[in-house]
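Participant: A structural model of the following input is requested.
(one chain, ligands or ions: 1)
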Amino acid sequence: MHAQIEILASLQTVDREIKQQRGLKQGLLGEFQAKEKEIQGKKREIELLTTACSEKEKLRQEKDRVLQDEGKKTMDKRMRMNRIKNTKELQALQREIDQIKQNNGELEEELIKIMEAIDAIKIDIRSKEEELARLQQEWQEKQEEMESQISGIDRAVSEASTRRQTIASQVTGDLISRYELIFARRGGMAVVEVAGGICQGCYMNIPPQLWNEIIKSEKVNLCPNCQRILYYKPSIVQEKPA
Ligand SMILES: [Zn+2]
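Facilitator: Prediction:
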């Protein structure tokens, strides 16, 4: 059994390597998504600003049209004034013209405000477009680097998987299943050494009776505390006859 567990321990070394590489890949993929999201967000901001800008532009055109119409009306009234001789009518017409002038003054102020708002939005759009361009540029360079990192990871994982198969073929299926279950549940540590009477997985003392069992190594012994597979690695010094 001791040999089987030693093989499991080297299987675990490979599995931990694979697990670590996969973790790295997850991290890179996460970074990928975050960056894509950031870029999409920036694009969306520009879209919204562009919509707001064209709405303001529409409003500006409407007000402009009204202003022009009112201007025409004033001109017509002025022309009429030239033809009217009646003072009362003249006064009434003058009042109408004054009213229109006042309205137009307000309209012009509104127009100026709208145009200022349009200018401000355009400035905002330009700066966001510059940010987006910079983001995309940086991302382009980073992305290539990350893609090569990811393919490096994929190569390492597939190489390790081949090694794993060779090692796994030397252990019985039952033992592998047991090991895999513990590996998954115990954060990638299923086989641990006992050193100085202490489980190296959870650092609890191993009872003397169990210690004897481990040395005998007739069966799979689990740590009573963390349920990991325990084994004892006799050091070279210990193996040498005294
Ligand atoms: Zn333990």
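
Participant: pLDDT at the residue nearest the centre of the chain, what is it?
Facilitator: Centroid-nearest residue in the chain, with C-alpha atoms, centre = their mean: Ala34, separated by 2.1 Å. Listed pLDDT for Ala34 reads 94.

Participant: Also Gly187?
Facilitator: 93.

Participant: one step back: so which strand or helix has the residue nearest to the centre of the chain?
Facilitator: helix 2-83 (DSSP states H and E).

Participant: Check which helices and strands that helix sits against.
Facilitator: If you count contacts as 3 or more C-beta pairs under 8 Å, 6 or more residues apart in numbering; DSSP states H and E, helix 2-83 packs onto helix 87-168, helix 173-185, strand 191-195, strand 229-231. For glycine as for every other residue, the C-beta is placed from the backbone atoms N, C-alpha and C.

Participant: Relative to the third one, what are the paired strands and their orientations?
Facilitator: Sheet neighbours of strand 191-195, with direction, are listed as strand 198-199 (antiparallel), strand 229-231 (parallel) (DSSP bridges).

Participant: Tell me which of those strands sits most buried.
Facilitator: strand 229-231 (a mean of 23; mean count of other C-beta atoms under 10 Å).

Participant: quick one: average pLDDT of stretch 127-144?
Facilitator: According to the model, stretch 127-144 has a mean pLDDT of 94.

Participant: list the buried ones in it?
Facilitator: For stretch 127-144, burial by neighbour count (16 or more other C-beta atoms under 10 Å) applies to Lys128, Leu132, Leu135, Trp139.

Participant: Thank you, goodbye.
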